[in-house]
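K.L.:
Take a look and give me a structure for this.
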Amino acid sequence: MATKQLELHQSVVKFLSNAPKKMLINGQFVQSVSGKTFETINPATGEVITKVYEADKEDIEKAVKAARVAFEGPWKKVPPNQRQMLLLKLADLIEKNAEELAQLETLDNGKPIRESRAVDVPVTADHFRYYAGWATKIHGETIPVSCGNFLTYTLREPVGVVGQIIPWNFPLLMAAWKIAAAVACGNCVVLKPAEQTPLTALRLGELIMEAGFPAGVINICPGFGETAGAALSGHMDVDKVAFTGEYITGRKIIQASAGNLKRVSLELGGKAPNIVFVDGDMEAAVKGCIGSVFFNQGQVCCAGTRLFVENKIYDEFISKVSDRAGKLTLGPGLCEETQMGPLVSSDQLKRVTGYLETGKKEGAKPVCGGDRATDGDLQKGYFVKPTVFANVNNKMKIAQEEIFGPVVSAIPFKDIEDVITQGNDTTYGLSAGIWTKDIKKAHAVAKAIKAGTVWINCYNVFDSAAPFGGYKQSGFGREGGIHALELYTQIKAVWVNLD
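P.N.:
Purely as a prediction, here's the structure:
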């Protein structure tokens with residue numbers, strides 16, 4: 001168990017000292033209309049970090065109005081190269097304040113500080129920088145038509161006011177995934193961060209204003225899904241909603257969008273098959289399995305939680321994975337030696353431990369872990385032991401439903417046809433992993449698996465230039481790369497009669 005914690009950066013202490021934290025609307029940090037606040041909790045201790053003003057329907061109304069005024073007015077006059085410079089300035093400010101942002105992310109979410117430093121903050125900066133490059137390269141095309149003497153061309157224009165709802169597992173990075181592409185395309189944004197983890201989004205709001213974005217272009221309103229989220233997704237003056245989260249909420253957003261037929265993109269959950277063949281590099285596959293499931297406490301939509309292992313090596317492989325998982329160092333995220341932190345909230349702890357009990361009742365065997373971690377100070381937080389279930393079949397609840405915790409279900413398979421059938425036997429289709437030295441086999445399985453991302457002899461590899469999104473109940477639309485531009489632009493055809 002990790003014990004010695006970092007001393008909080010002075011800028012973190014200063015940021016938290018001004019409580020309750022205010023929301024960003026129309027270039028100003030303001031209280032909620034109702035004056036209501038909510039607490040954000042340190043998941044490592046269960047203690048209150050600070051209070052945050054709670055956005056409600058009235059606050060969303062103000063934010064959407066501010067975004068609309070900005071979109072129809074000053075933001076339309078900002079040329080692409082200036083949008084680019086604003087995004088680049090923001091990326092620079094993120095890097096300048098990297099340690100503060102990393103500590104805030106870890107404090108609020110619980111993830112190890114090493115992950116916040118190495119992944120969340122630098123990838124956030126990279127994402128803004130990547131889409132800054134696209135801001136000056138969004139254009140239409142001319143079309144050689146056959147129906148007469150016409151000049152026919154297209155304009156690629158911004159959608160307008162975009163509502164964006166992000167989850168709590170990667171609060172800062174998900175904000176970047178949503179905001180960067182939308183703003184690069186010329187849209188204005190109302191962002192609702194998750195109520196469990198609002199702090200880095202609000203600090204990002206401060207950096208956004210420091211970078212010089214005009215008032216109303218980016219608004220940040222922390223609140224709850226039933227109130228702020230519902231108001232945003234159903235608002236008649238919101239042109240598009242982008243959501244990352246679980247599928248039940250995704251369905252509600254689709255229903256709410258019907259009022260004005262707003263565009264919707266959804267990045268939802270997953271139950272990824274991580275497939276290990278007998279001819280794979282076992283050591284690399286073990287390491288990849290550990291990273292695929294226990295990174296960010298398993299609170300990752302693309303986590304390789306269904307571990308399919310070929311019969312001949314099943315027992316040996318599961319033994320190796322369990323041995324390594326059992327040696328992971330649990331502790332508060334602010335401890336440098338921590339490899340796995342707490343779950344994000346008491347609700348998530350209850351959810352995950354409920355699935356652990358369900359797995360045992362179904363007949364699965366916890367070779368490693370299987371319950372809550374309560375040693376010493378861990379009992380104060382929301383810690384769950386890294387868990388490896390053996391004796392799992394693909395029909396079990398723990399193999400079919402998204403647990404969103406550090407739990408892997410190990411399932412044997414006999415051959416390539418068997419694992420393709422089992423791998424696709426899920427309502428989800430977000431990601432998959434394949435471990436084999438046979439390149440023909442790797443490509444055949446990658447083509448057959450119904451998932452938006454497939455990793456071969458690696459896992460959890462991301463880049464701002466690559467698309468990410470799902471098949472089936474994992475949603476639709478792609479974030480990342482050129483494909484995200486399609487989410488935030490619309491095409492206008494212009495015909496000019498030359499006769």
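K.L.:
Roughly how far does the closest residue to K36 other than its chain neighbours sit from E39?
P.N.:
Of all residues not flanking K36 in the chain, E54 sits nearest, at 4.4 Å (CB to CB, 6 or more residues apart in numbering). Yep, even glycine has a C-beta here, placed from its N, CA and C like the rest. Counting by CB to CB, to the nearest Å, the separation of E54 from E39 is 10 Å.
K.L.:
about what we covered before: counting neighbours, what do you get for the residue nearest to K36?
P.N.:
24 (other CB atoms under 10 Å).
K.L.:
Let me see the backbone angles for the residue nearest to G245 when sequence neighbours are not counted.
P.N.:
Counting by CB to CB, 6+ apart, G245 lies nearest to P167, which is 4.9 Å off, once chain neighbours are set aside. Phi and psi for P167, reported as degrees, to the nearest 10, are phi -90, psi -180.
K.L.:
Test for you: state the pLDDT assigned to P167.
P.N.:
P167 is assigned a predicted lDDT (pLDDT) of 98.
K.L.:
Tell me if I'm right that it and M174 touch.
P.N.:
Yes. Using CB atoms under 8 Å, P167 is in contact with M174, at 6.1 Å.
K.L.:
so who does the residue nearest to G245 touch?
P.N.:
For P167, the contact set (CB atoms under 8 Å, 6 or more residues apart in numbering) comprises M174, A194, T244, G245.
K.L.:
before we move on, the earlier item: any shared contact partners between P167 and M174?
P.N.:
Common neighbours of P167 and M174 (CB under 8 Å, 6+ apart) are T244.
K.L.:
So S319 belongs to a helix, correct?
P.N.:
Yes. Assessed with DSSP: H, G, I helix; E, B strand; the rest coil, S319 lies in a helix.
K.L.:
Let me know the secondary structure of T154.
P.N.:
T154 ends up strand, using three-state DSSP.
K.L.:
partner residues bridging it?
P.N.:
Taking DSSP bridges, one obtains A493 as the residues bridged to T154.
K.L.:
mind checking which helix or strand G291 is in?
P.N.:
helix 282-294 (DSSP states H and E).
K.L.:
If you count contacts, what does that helix end up packed against?
P.N.:
Applying 3 or more CB pairs under 8 Å, 6 or more residues apart in numbering; DSSP states H and E, one finds that helix 282-294 makes contact with strand 273-276, helix 314-325, strand 407-413, strand 431-435.
K.L.:
for the contacts of P167, which one is nearest E486?
P.N.:
Proximity of the contacts of P167 to E486 (CB to CB) peaks at T244, which lies at 16.9 Å.
K.L.:
neighbours of that closest one, just the number please.
P.N.:
T244 has 25 neighbouring residues, counting by other CB under 10 Å.
K.L.:
Nearest spatial neighbour of it, chain-adjacent residues omitted?
P.N.:
E267 (4.4 Å).
K.L.:
shaky segments in this structure?
P.N.:
For the chain, residues meeting the criterion pLDDT under 70 lie at 2-3.
K.L.:
Would you agree N187 is in contact with G160?
P.N.:
Yes. When contacts are counted by CB under 8 Å, N187 is listed as touching G160 (6.4 Å).
K.L.:
Now list whatever residues contact both of these two.
P.N.:
Common contacts of N187 and G160 (CB under 8 Å, 6+ apart): F71, K240.
K.L.:
now the helices for the stretch 101-250 of the chain?
P.N.:
113-115, 121-134, 171-184, 199-211, 230-233, 247-256 (DSSP state H, counting those that start in this stretch).
K.L.:
Counting neighbours, which bits of the fourth one end up buried?
P.N.:
Residues of helix 199-211 classed as buried under the neighbour-count rule (16 or more other CB atoms under 10 Å) are L199, T200, A201, L202, R203, L204, G205, L207, I208, A211.
K.L.:
May I ask which two of the residues you listed are separated the most?
P.N.:
Among the buried residues of helix 199-211, L199 and A211 lie farthest apart (CB to CB), at 18.8 Å.
K.L.:
returning to what we had before: redo the helices of the stretch 101-250 of the chain as TSV? Include distance to A373.
P.N.:
Formatted as TSV, those follow (distance: least, CB to CB, whole Å):
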stretch	distance to A373
helix 113-115	18
helix 121-134	27
helix 171-184	23
helix 199-211	25
helix 230-233	35
helix 247-256	28
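K.L.:
Could you identify which of the ones you listed is most buried?
P.N.:
Across those, averaging neighbours per residue (mean count of other CB atoms under 10 Å) puts helix 171-184 on top, at a mean of 27.
K.L.:
the inter-axis angle of that one versus helix 121-134?
P.N.:
Helix 171-184 and helix 121-134 are oriented at 10 degrees to each other (axes from the mean of the first three to the mean of the last three CA atoms, to 10 degrees).
K.L.:
so how far is F389 from L104?
P.N.:
From L104 across to F389, the span is 34 Å (CB to CB).
K.L.:
typo on my end, H483
P.N.:
Going from H483 to F389 by CB to CB gives 35 Å.
K.L.:
Which one's more surrounded, those two?
P.N.:
More neighbours surround F389 than the other of H483 and F389, with 30 against 15 (other CB under 10 Å).
K.L.:
Using the three-state scheme, assign the more buried one.
P.N.:
F389 - assigned by three-state DSSP - is strand.
K.L.:
For the residue nearest to it when sequence neighbours are not counted, the count of nearby residues, please.
P.N.:
Setting aside the residues directly before and after it, F389 is nearest to A364 in space (CB to CB, 6+ apart), at 4.2 Å. Using other CB under 10 Å, A364 has 26 neighbouring residues.
K.L.:
The residue nearest to K36 reaches S32, doesn't it?
P.N.:
Yes. In this structure, E54 is within contact of S32 by CB under 8 Å, at 5.4 Å.
K.L.:
May I have stretch 247-258 as PDB, with CA atoms only?
P.N.:
Extracted in PDB, the C-alpha atoms of stretch 247-258 (Å, rounded to 0.1, in the frame of the first residue of the first chain):
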ATOM      1  CA  TYR A 247     -25.600   3.800 -23.100                       C
ATOM      2  CA  ILE A 248     -28.800   4.400 -21.000                       C
ATOM      3  CA  THR A 249     -28.000   8.100 -20.900                       C
ATOM      4  CA  GLY A 250     -27.100   8.000 -24.500                       C
ATOM      5  CA  ARG A 251     -30.600   6.700 -25.300                       C
ATOM      6  CA  LYS A 252     -32.200   9.600 -23.300                       C
ATOM      7  CA  ILE A 253     -30.100  12.100 -25.200                       C
ATOM      8  CA  ILE A 254     -31.300  10.800 -28.500                       C
ATOM      9  CA  GLN A 255     -34.900  11.100 -27.300                       C
ATOM     10  CA  ALA A 256     -34.300  14.600 -26.000                       C
ATOM     11  CA  SER A 257     -32.800  15.600 -29.400                       C
ATOM     12  CA  ALA A 258     -36.100  15.000 -31.200                       C
END
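K.L.:
how far is it from where the chain is centred?
P.N.:
Relative to its parent chain, stretch 247-258 has a centroid offset of 18 Å by CA atoms, centre = their mean, to the nearest Å.
K.L.:
go on, stretch 115-133?
P.N.:
A distance of 13 Å separates the centroid of the chain from that of stretch 115-133, by CA atoms, centre = their mean.
K.L.:
State the distance from A181 to H483.
P.N.:
Here A181 is placed at a distance of 9 Å from H483 (CB to CB).
K.L.:
List the single closest residue to F71 in space, sequence neighbours excluded.
P.N.:
Using CB to CB, 6+ apart, the closest residue to F71 is C188 (4.2 Å).
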